[in-house]
Every structure is written in structure tokens, then in C-alpha cells.
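Chemist: my questions concern the predicted model and sequence given below.
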Amino acid sequence: MIIQTAPAGTPRLAIMMHEHTALCGQFARAFGNATFEPLAPLDLMVYVIAHHDAGWTEFDRDPVTDGKTGLPYNLIETPAAYITVTSRLSPEFNERQHPFCGLISSMHSWGLYNGRYGLSKHVLIKQFPEEDRPLAERMLDGELARQKRLKEEIGKDAKLAGRLDEKKLFQNYKQLQFIDTLALYFNRVHRSERAEQTFEHVPRTAEDDAAVTIKPVEAGVYALAPFPFAPHNAEFAFAGRHINPRGHEREGHWTELLRRAPTEWERFQLVPA
């Protein structure tokens, strides 16, 4: 679950991971133009991007409360005992759709704990207490074994074997990372607090990356440069529901409160700078 920032004294928007990945799916379908190669294989990449956090589904239905905030744990602040399970279940879900989906999802899980294969300075496993790191290490070893097995399976598919070329595979991986982090830019930060941000390593091709900068230009409108999408001025949207600290105490859990809370939508446009 993602708990969005908010002005002091106001409720926080809780966004379930399937709502986050629904926004990712919208971006995936729009990605690509004359400058940025579109996703390929298209259907499989759109699927995995739109489901890359599917392992969170059960946990989000009854999340664990962060004692410091009185709210459900916020994304990567979730304790190792829970987040390592979601990190394993997401590739399992995607593998059932297709080996290629499972491979890209597994790379996403492994990369989250290991600085996104060197593309990021944030290394999730280092934030865990020492006693919790073996949980993550076992999960990560399992993902490396999964990746080896799935690559062998994909290599037998004449239509997909070429995507195992390291540069092409990491083009796919970086496409997912950009779309994921762009969605998080909106999901994690309240609209009043969003500022200019640059996303590194956005692949134009398998050989060439760009740094893409986003900047709010007016209410509900954000400009990107260079612009990586096909449609100009397209509208995107995501959903969540407002909650307050310790709001679950009357019910004894978050499930019923989240079920009854009204769905709130935010819509915005992306335009070329």
C-alpha cells in the first residue's frame, strides 16, 4: 500500500498497489514515439507493467499498522516479514501469465533490494535490521533461480529468444522502472507538494538512455522533457481513499474501513515541455 503525503492535519490518501499498477498500465499503453522505442513485446510488457506488484493484493486487503504513524505501512517501509513475501508473490503471479512476464517481474523484485541493478542509490536490503536480512537473501536467491529457469524456457521460443540479449532485456527492465517511478511521483506525493524531478536511465533504445524531467506547469498539468509518450495532452487518473491515523481502531482492522471509504480520483495531463 502507498500512503500519500498530505498537508498537516488532513487525511492521507491510501492507494492500494493494484491502483498504483493500474496507473502504470495507462503509462505503458502510451509509452513510445519517434524518439523512444515503444514497448516490445508489447502485450507481455503491458501486462507485466500493469501487474508488477500483484503480490501485494492479499496484504493490502488487511494491512499491518505502522506504530509510528497509526496508518498502514507505507510501501518500502513495510517490515521484511511482509514485503519479502509480496516480492516473491509478484513474480509468481506474472509467471503464470507468461515466462517473460515472470522474468521481468522477478528482475523488478530483485532490483528493488539491490539498487535497481546499479541504476539507483537506494538499496532496500540495507534498511532492514541485521536479523531480518536472511529473509530477504533467501527470497533474492529464489528470484535468481527463477530468472535462470525462465530464461532457459524463453530461449526455446524463437519469437522471444532475441529479447534475452542483455541490452534488450535491460531496455525492458528500465522501461518498467521509469513507468513505475513516474506513477510513484503521483501516487506518493500530494499534488500541492510535487516539484520538478528527473528520472535517469529512461531507454530511448536498447543502446541509448535519456534523463526525463517532469515539472508541474499548472493545476493538473505536468510537462516532460524529453517527452516519452505517443499521445500529447493525454489524461491519466488514479484512485485511492482517505484515511486518518488509527482510524481502524473502531473496526479492529483496516479491511472494513478501507472497504467503506469513498473512492477518490485524481486526474492529470502529461504534455511536452
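Modeler: That came in fine, so what should we check first?

Chemist: every contact and neighbour count from this point should use C-alpha atoms.
Modeler: Will do.

Chemist: for the chain, what spans make up the helices?
Modeler: Along the chain, the stretches classed as helices by DSSP state H are 17-30, 42-51, 57-61, 80-97, 99-113, 115-118, 133-154, 166-188, 254-260.

Chemist: just the angle between the fourth one and helix 133-154, please?
Modeler: Think helix 80-97. Following axes from the mean of the first three to the mean of the last three CA atoms, to 10 degrees, one obtains 10 degrees for the angle between helix 80-97 and helix 133-154.

Chemist: name the residues of helix 80-97 that come out as buried.
Modeler: By neighbour count with 16 or more other CA atoms under 10 Å, helix 80-97 contains the buried residues 80, 83-95.

Chemist: where does the stretch 51-200 of the chain dip in pLDDT?
Modeler: In the predicted model, the stretch 51-200 of the chain carries no residue with pLDDT under 70.

Chemist: apply 90 and report the result again.
Modeler: Per-residue confidence for the stretch 51-200 of the chain (pLDDT under 90) gives these ranges: 76, 116-129.

Chemist: deepest-packed of the helices of the chain, please.
Modeler: When neighbours are counted by mean count of other CA atoms under 10 Å, the highest per-stretch mean among the helices of the chain falls to helix 99-113, a mean of 25.

Chemist: residue 130: neighbouring residues, count only.
Modeler: One way to gauge burial is a neighbour count; for residue 130, by other CA atoms under 10 Å, it gives 9.

Chemist: got TSV for the helices of the chain, with distance to residue 243 too?
Modeler: Output for the helices of the chain, formatted as TSV (distance: least, CA to CA, whole Å):
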stretch	distance to residue 243
helix 17-30	16
helix 42-51	25
helix 57-61	14
helix 80-97	22
helix 99-113	27
helix 115-118	31
helix 133-154	30
helix 166-188	15
helix 254-260	8
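
Chemist: bridged to residue 271, which residues?
Modeler: In this structure, residue 271 bridges to residue 223 when assessed by DSSP bridges.

Chemist: so how far is residue 223 from it?
Modeler: Counting by CA to CA, to the nearest Å, the gap between residue 271 and residue 223 amounts to 5 Å.

Chemist: not counting its own residues, what contacts stretch 58-76?
Modeler: Around stretch 58-76, the neighbours that count as contacts under CA atoms under 8 Å, 6 or more residues apart in numbering are 1-3, 16-17, 82-83, 86, 124, 244-247, 253-255.

Chemist: out of those, what pair is the most spread apart?
Modeler: Of all pairs drawn from the contacts of stretch 58-76, the widest gap by CA to CA lies between 124 and 247 and measures 28.7 Å.

Chemist: closest to residue 266 out of the helices of the chain?
Modeler: That would be helix 166-188 among the helices of the chain, by CA to CA, at 9.2 Å.

Chemist: mind saving the C-alpha coords of that closest one as PDB?
Modeler: Listed next in PDB are the C-alpha coordinates belonging to helix 166-188 (Å, rounded to 0.1, in the frame of the first residue of the first chain):
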ATOM      1  CA  GLU A 166      21.300  -8.300 -22.200                       C
ATOM      2  CA  LYS A 167      20.900  -4.800 -23.700                       C
ATOM      3  CA  LYS A 168      17.300  -5.500 -24.900                       C
ATOM      4  CA  LEU A 169      16.400  -7.200 -21.600                       C
ATOM      5  CA  PHE A 170      17.600  -4.200 -19.600                       C
ATOM      6  CA  GLN A 171      15.700  -1.900 -22.000                       C
ATOM      7  CA  ASN A 172      12.500  -3.700 -20.900                       C
ATOM      8  CA  TYR A 173      13.600  -3.600 -17.300                       C
ATOM      9  CA  LYS A 174      14.300   0.200 -17.500                       C
ATOM     10  CA  GLN A 175      11.000   0.900 -19.200                       C
ATOM     11  CA  LEU A 176       9.300  -0.700 -16.300                       C
ATOM     12  CA  GLN A 177      11.400   1.200 -13.800                       C
ATOM     13  CA  PHE A 178      10.600   4.500 -15.400                       C
ATOM     14  CA  ILE A 179       6.900   3.900 -15.600                       C
ATOM     15  CA  ASP A 180       6.800   2.600 -12.000                       C
ATOM     16  CA  THR A 181       8.700   5.600 -10.600                       C
ATOM     17  CA  LEU A 182       6.700   8.100 -12.700                       C
ATOM     18  CA  ALA A 183       3.500   6.600 -11.200                       C
ATOM     19  CA  LEU A 184       5.000   6.800  -7.800                       C
ATOM     20  CA  TYR A 185       5.700  10.500  -8.400                       C
ATOM     21  CA  PHE A 186       1.900  11.000  -8.500                       C
ATOM     22  CA  ASN A 187       0.900   8.300  -6.000                       C
ATOM     23  CA  ARG A 188       3.300   9.100  -3.200                       C
END
